[in-house]
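K.L.:
Quick one, fold the following:
(one chain, ligands or ions: 2)
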Amino acid sequence: MSKLEALIFDVDGTLADTEKDGHRVAFNQAFTEAGLDWNWSVELYGELLQVTGGKERIRLYIEKFLQDFDAGEEITSFAANLHQRKTHFYLELLQSGAIPLRSGVERLIREARVAGLRLAIATTTTPANVSYLLTSTLGEESIEWFEVIAAGDIVPAKKPAPDIYTWAMQQMNISPDACLAFEDSLNGIKSSLAANLKTLITVNGYTSDDDFSGAELVLDQFGEPQSPFTVLQGDAMGHNYVNIEMLQKLHDRS
Ligand code: XBP
Ligand code: MG
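P.N.:
Numbers count the residues shown, from 1 in each chain. Ligands and ions are numbered 1, 2, ... in the order given. Sure thing, here's the model as predicted:
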């Protein structure tokens, strides 16, 4: 059994609760700016989250709900242009500090650095969204803390395909059994398990009913010493907030 060497984090829903009050709001701002009478409610957005990738989500919406929609141009370029404006609005939200990191995330990242663990990111979201989230919450230098930031269109197939995790590990020249993955959704765990990664889940409002079979542990949050997590599935081995000692035990247990 390899020693735990690296932590690979998903972004949306894991590092921060970005979907309901972040991405969804930015999509609606882009629709309004484009003069479209589209509005993705919290509920509808939850349905559209079945597909990863913002451009892909726009296309799903059109194909599923607006079959006779005439974009006036090729749908792929229409979706890409609309998505670019959505990203502009999302980055504004991040810069405003509207989207904080989830409970325990900053503490765990800092503890991992002290412990000498390698850090990486494997996400479907647009690369700029990652750097803006990190710098707006952890400061400018935090981007350097992550050896690899694997994001968005860098791979041909997005989650639930394993590509983004496999690509990140190739860049790090590391094998899955020396890593742990952190995810929040069914698409996410399908991706990390297909990449042969032990996976710790923290659920959120959109994913609490997802099937996390195969996860090492399912929690409501990483937690803090004064605000413990709730175990939803698996054995936390007597711990009540996620720290490096717990992760090493999780990694080493068969
Ligand atoms: C979540 C996604 C992303 C975001 C929106 O990514 O599926 O598409 O919802 O970001 P992950 P973009 O959970 O893998 O971090 O609009 O930039 O795609
Ligand atoms: Mg996610």
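K.L.:
Could you pull up the contacting residues of I75?
P.N.:
I75 is in contact with 59, 62, counting by C-beta atoms under 8 Å, 6 or more residues apart in numbering. Just so you know, the C-beta spots here come from the backbone N, C-alpha and C atoms, and that holds for glycine as well.
K.L.:
just I201 next, same as before
P.N.:
Residues near I201 by C-beta under 8 Å, 6+ apart: 182-184, 189, 212, 215, 217-219, 233.
K.L.:
can you give me the strands for the stretch 151-254 of the chain?
P.N.:
Taking DSSP state E, counting those that start in this stretch to define them, one finds strands in the stretch 151-254 of the chain at 179-183, 198-202, 217-219, 231-234.
K.L.:
Just give the nearest non-adjacent residue to L48, would you?
P.N.:
R57 (5.1 Å; C-beta to C-beta, 6 or more residues apart in numbering).
K.L.:
what about that neighbour, helix or strand, and which?
P.N.:
helix 54-65 (DSSP states H and E).
K.L.:
Can you give the distance of that helix from its chain's centre?
P.N.:
Helix 54-65 sits 20 Å away from the centroid of its parent chain (C-alpha atoms, centre = their mean, to the nearest Å).
K.L.:
near ligand 1 at all, it?
P.N.:
Yes. Counting by C-beta under 6 Å from any ligand atom, ligand 1 is contacted by helix 54-65 at G54.
K.L.:
Report how many residues lie close to the closest residue to ligand 2 within the chain.
P.N.:
Per C-beta to the ion, G13 is where the chain lies closest to ligand 2, at 3.8 Å. When counting by other C-beta atoms under 10 Å, one arrives at 25 neighbours for G13.
K.L.:
ditto for the one 5 residues further on
P.N.:
Summarising burial for T18: neighbours were counted as other C-beta under 10 Å, giving 25.
K.L.:
could you list every residue that touches the closest residue to it other than its chain neighbours?
P.N.:
For T18, ignoring the flanking residues on the chain, the nearest one in space by C-beta to C-beta, 6+ apart is D12 at 4.6 Å. With contact taken as C-beta under 8 Å, 6+ apart, D12 is in contact with 18-19, 23, 123-125, 184.
K.L.:
Enumerate the residues of the stretch 51-200 of the chain near ligand 2.
P.N.:
Residues of the stretch 51-200 of the chain lying near ligand 2 by C-beta under 5 Å from the ion: 184-185, 188.
K.L.:
follow-up on the earlier one: for the strands of the stretch 151-254 of the chain, give me CSV that also has mean pLDDT and distance to Q171.
P.N.:
Converted to CSV, the strands of the stretch 151-254 of the chain look like this (pLDDT from 0 to 100; distance: least, C-beta to C-beta, whole Å):
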stretch, mean pLDDT, distance to Q171
strand 179-183, 99, 12
strand 198-202, 98, 19
strand 217-219, 98, 26
strand 231-234, 98, 29
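K.L.:
export those strands to JSON lines and tack on distance to ligand 1?
P.N.:
Output for the strands of the stretch 151-254 of the chain, formatted as JSON lines (distance: least, C-beta to the nearest ligand atom, whole Å):
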{"stretch": "strand 179-183", "distance to ligand 1": "8"}
{"stretch": "strand 198-202", "distance to ligand 1": "12"}
{"stretch": "strand 217-219", "distance to ligand 1": "16"}
{"stretch": "strand 231-234", "distance to ligand 1": "18"}
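K.L.:
R110: which of those strands is closest?
P.N.:
strand 179-183 (15.2 Å; C-beta to C-beta).
K.L.:
Near ligand 1, which residues of the stretch 1-150 of the chain? Just list them.
P.N.:
10-13, 19, 23, 52-54, 87, 123-126, 129.
K.L.:
Make a PyMOL selection of whichever of the residues you listed turn out to be buried.
P.N.:
Burial among those is assessed by 16 or more other C-beta atoms under 10 Å; the matching PyMOL selection reads:
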select buried, resi 10+11+12+13+19+23+52+53+54+87+123+124+125+126+129
